[in-house]
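Novice: Have a look at this fold, sequence not included:
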């Protein structure tokens with residue numbers, strides 16, 4: 001069917017459309033209807049159904065006679081190993097881990113934090129939780145102890161499942177000391193921890209609290225799948241909030257199953273049995289949706305990759321993985337391609353590998369710049385599809401639906417809104433704008449299945465963050481426009497969350513850390529354009545009066561503070577000491593203006609600025625480190 005017909009069909013009868021898609025899922029008790037609007041604007045989907053995610057992702061494929069199909073390929077250039085796990089093996093492993101968790105008292109509704117590197121056991125831990133109806137919260141393995149402690153206190157887990165270490169090119173990152181420090185800092189104390197020991201770093205276990213992954217499962221009864229209601233949270237995933245306090249996005253079970261299953265064929269154009277690879281991390285939403293859940297629900301083989309686009313061992317590692325594992329659809333962040341392009345600008349590594357299996361490359365996580373898209377198209381000779389979505393949505397808002405009806409590619413646009421998404425451009429007063437007009441990107445309610453119904457223990461914050469500004473709409477926090485053909489263009493964030501190599505990070509959280517330095521009286525953090533990572537955070541420090549220490553020492557200490565408290569993922573390396581910050585008369589720091597100065601862009605003098613001369617001071621300071629050209 002043509003994209004336009006499917007989209008208009010959804011619009012004319014959303015209830016019928018989503019009930020039809022629900023037929024692809026195995027229900028313990030099917031839903032009586034799709035949309036439950038009793039608590040509008042807090043909409044829910046398939047609420048009265050009974051279902052289990054793990055059954056749909058694992059057991060049903062074994063029951064259907066596909067147990068010998070490979071479910072997971074673990075390709076780890078950092079340990080020089082490749083390991084394949086069939087659906088039947090995955091079922092045995094997940095049921096065993098779930099049984100061990102159940103024996104320790106984990107039941108439906110309990111929370112479990114997962115803090116793991118890119119190993120199959122991370123996927124198994126997620127699936128073991130949903131098998132029991134426990135709610136997992138995966139925390140990216142690179143996050144610092146303080147950030148982990150914040151999440152422990154917010155979701156109050158009964159248990160933590162962690163790896164002993166993560167492996168980066170040239171170094172081992174010790175996870176266990178971070179877990180121990182986080183538990184010490186947190187007010188809430190989990191009842192027990194399960195540690196997956198890796199030979200590169202065997203961690204010391206605390207008697208009574210910590211259990212070895214393998215010993216923990218010895219002699220336990222495997223667990224069956226526990227049915228949960230359609231609105232039961234499958235997981236909580238924390239995303240940066242503008243206040244620096246993370247927001248716990250809830251993913252409801254039934255809508256998650258239906259929506260993700262629909263995307264695998266219609267957006268990513270893979271059939272059951274095809275190999276699908278999302279080069280991300282389980283700590284991010286891409287890892288949840290498109291490394292763990294969607295490929296397995298749909299019966300695909302998923303690649304769990306433990307490496308980097310360059311340096312493990314070279315800029316050809318992506319091409320090797322695609323060739324070796326017969327990857328049909330590949331999904332990564334533009335940052336990864338920028339890194340490869342920087343290392344191998346002529347694409348010489350590409351010639352060493354046979355990539356005839358690859359049908360399409362998908363980019364998401366940050367804006368895909370035209371240079372990178374054109375370079376990738378020329379190199380790979382396949383469609384390069386930019387698409388757009390968020391942690392909150394769990395699956396694409398706008399994409400080129402290759403498996404449904406490929407649309408012409410417009411470089412710079414993530415293409416068109418998918419069924420379920422009524423995307424509109426609004427002015428500040430909430431009025432829809434004409435094609436070609438820049439404004440706030442919003443989605444008319446209700447949001448489709450699989451999207452967040454609210455935030456964990458923070459309904460008021462959910463309403464305030466997403467629903468209050470434009471009544472009747474979900475506010476995406478992005479600005480952009482829609483052209484005459486209905487193609488969407490994402491231009492900028494409308495808040496102070498910056499995008500560093502596809503990781504959304506709050507500048508407010510970094511400012512909180514910097515403000516804690518004894519010599520810093522005031523500070524601001526902005527995102528400056530970076531060719532490789534998209535954006536990098538840059539700090540401006542106003543020192544306490546009377547401080548006469550070398551500025552370089554203070555900057556070094558501030559960089560270390562952010563690294564320790566937010567983690568290396570923030571890539572915080574740039575900081576400047578300045579006399580004062582540009583502000584409005586009401587005292588608001590003019591961050592957007594500072595970004596334009598740093599990036600060498602033209603800007604309009606803000607009407608509310610207190611002292612325009614400060615902008616020249618900021619420019620001069622930036623020029624000393626090669627910015628504001």
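Specialist: Looks like it arrived, so ask away. All values derive from a computational prediction rather than experimental measurement.
Novice: these two touch, right, residue 397 and residue 390?
Specialist: Yes. Applying C-beta atoms under 8 Å, one finds residue 397 in contact with residue 390, separated by 7.4 Å. No exception for glycine: its C-beta is placed from N, CA and C like everyone else's.
Novice: Find residues that contact each of the two.
Specialist: Common neighbours of residue 397 and residue 390 (criterion: C-beta atoms under 8 Å, 6 or more residues apart in numbering): residue 476.
Novice: In terms of neighbours, single out the busier of the two.
Specialist: Per other C-beta atoms under 10 Å, whichever of residue 397 and residue 390 has more neighbours is residue 397, with 26 against 20.
Novice: where in the chain is pLDDT low?
Specialist: When residues are selected by pLDDT under 70, those of the chain lie in 241-244, 492-497, 504, 506, 584-588, 607-608.
Novice: Give the other helices and strands that the longest helix along it contacts.
Specialist: Identified as the longest helix of the chain according to DSSP state H is helix 87-103. Counting contacts by 3 or more C-beta pairs under 8 Å, 6 or more residues apart in numbering; DSSP states H and E, helix 87-103 is packed against strand 70-76, helix 120-132, helix 213-217.
Novice: quick one: which of these is nearest residue 32?
Specialist: Ranking these by proximity to residue 32 (C-beta to C-beta) places helix 120-132 first, at 23.0 Å.
Novice: and residue 11, how many neighbours does it have?
Specialist: By other C-beta under 10 Å, 12 other residues sit near residue 11.
Novice: That one and residue 447, how far apart?
Specialist: 15 Å (C-beta to C-beta, to the nearest Å).
Novice: Buried ones in stretch 42-56, by neighbour count?
Specialist: Neighbour counts using 16 or more other C-beta atoms under 10 Å place 42-47, 49-56 of stretch 42-56 among the buried residues.
Novice: Just give me the closest of the residues you listed to residue 511.
Specialist: The shortest approach to residue 511 among the buried residues of stretch 42-56 belongs to residue 42, at 31.5 Å (C-beta to C-beta).
Novice: and the closest one, what helix or strand is that in?
Specialist: Using DSSP states H and E, residue 42 falls within no helix or strand.
Novice: The stretch 351-500 of the chain: strands as residue ranges?
Specialist: Ranges of strands within the stretch 351-500 of the chain are 360-363, 384-386, 398-399, 416-417, 423-426, 439-444, 473-482, 488-493, 497-500, based on DSSP state E, counting those that start in this stretch.
Novice: Relative to residue 462, which of these is closest?
Specialist: Ranking the strands of the stretch 351-500 of the chain by proximity to residue 462 (C-beta to C-beta) places strand 473-482 first, at 10.3 Å.
Novice: tell me the angle of the helix or strand where residue 236 lies relative to helix 120-132?
Specialist: Assigned by DSSP H and E, residue 236 belongs to strand 233-239. Orientation check (axes from the mean of the first three to the mean of the last three C-alpha atoms, to 10 degrees): strand 233-239 against helix 120-132 gives 130 degrees.
Novice: For the helix or strand just after strand 233-239, which residues meet the burial criterion?
Specialist: Later in the chain than strand 233-239, the nearest helix or strand by DSSP H and E is strand 247-252. Buried residues in strand 247-252, counted by 16+ other C-beta under 10 Å: 247, 248, 249, 250, 251, 252.
Novice: where's the second one relative to residue 461, distance?
Specialist: Note on residue 248: its distance to residue 461, by C-beta to C-beta, is 10 Å.
Novice: go on, residue 555?
Specialist: With C-beta to C-beta as the criterion, residue 555 and residue 461 are 34 Å apart.
Novice: same question, residue 61
Specialist: 38 Å.
Novice: returning to that earlier point: partners of whatever helix or strand comes next after the longest helix of the chain, with directions?
Specialist: Once the chain leaves helix 87-103, the next helix or strand it forms, by DSSP H and E, is strand 111-115. Strand 111-115 has the following sheet partners, assigned by DSSP bridges: strand 135-138 (parallel), strand 159-163 (parallel).
Novice: List the contacts of the last one.
Specialist: Taking C-beta under 8 Å, 6+ apart as the criterion, the residues outside strand 159-163 that touch it are 101, 104, 106, 110, 112-117, 119, 121-122, 125, 141, 152, 175-176, 179, 183, 190-196, 198.
Novice: Name the next helix or strand following that strand along the chain.
Specialist: For strand 159-163, the succeeding helix or strand toward the C-terminus, using DSSP H and E, is strand 165-168.
Novice: Give the other helices and strands that that next one contacts.
Specialist: strand 171-174.
Novice: buried ones in the strand it packs on?
Specialist: In strand 171-174, counting by 16+ other C-beta under 10 Å, buried: residue 173.
Novice: Tell me which other helices or strands the helix or strand just after that strand touches.
Specialist: Later in the chain than strand 171-174, the nearest helix or strand by DSSP H and E is helix 176-185. Contacts defined by 3+ C-beta pairs under 8 Å, 6+ apart place helix 176-185 against helix 145-155, strand 159-163, strand 192-196.
Novice: Tell me how far residue 593 lies from residue 609.
Specialist: The gap separating residue 593 from residue 609 is 8 Å, by C-beta to C-beta.
Novice: Turn the strands paired with strand 111-115 into CSV, including mean neighbour count.
Specialist: Converted to CSV, these look like this (neighbours: other C-beta atoms under 10 Å):
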stretch, mean neighbour count
strand 135-138, 25
strand 159-163, 27
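Novice: Spell out which residues sit in contact with residue 238, please.
Specialist: Contacts of residue 238 by C-beta under 8 Å, 6+ apart are 137, 139, 151, 154, 246, 247, 248, 249.
Novice: what residues go with each domain of the chain?
Specialist: According to automatic domain parsing, the chain is divided into the following domains: 87-226, 497-623.
Novice: how about these in JSON lines, adding distance to residue 483?
Specialist: Below are the domains of the chain laid out as JSON lines (distance: least, C-beta to C-beta, whole Å):
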{"stretch": "domain 87-226", "distance to residue 483": "36"}
{"stretch": "domain 497-623", "distance to residue 483": "23"}
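Novice: contacting residues for residue 446?
Specialist: Residue 446 makes contacts with 35, 37, 40, 41, 43, as judged by C-beta under 8 Å, 6+ apart.
Novice: Using neighbour counts, trim those to the buried set.
Specialist: Neighbour counting with 16+ other C-beta under 10 Å marks 35, 41, 43 as buried within the contacts of residue 446.
Novice: which residues touch the last one?
Specialist: Taking C-beta under 8 Å, 6+ apart as the criterion, residue 43 is in contact with 35, 36, 37, 445, 446, 447, 453.
Novice: ok, those residues vs residue 367, which is closest?
Specialist: residue 447 (22.5 Å).
Novice: Give me the nearest residue to that closest one, chain neighbours excluded.
Specialist: Nearest non-adjacent residue to residue 447, counting by C-beta to C-beta, 6 or more residues apart in numbering: residue 474, 5.5 Å away.
Novice: Please look at residue 569 and residue 509 and confirm they touch.
Specialist: No. Judged on C-beta under 8 Å, residue 569 makes no contact with residue 509 at a distance of 11.8 Å.
Novice: what is in contact with those two at once?
Specialist: Common contacts of residue 569 and residue 509, defined by C-beta under 8 Å, 6+ apart, are absent altogether.
Novice: ok, the two, which is more surrounded?
Specialist: More neighbours surround residue 509 than the other of residue 569 and residue 509, with 24 against 19 (other C-beta under 10 Å).
Novice: Right, I'll leave it there.
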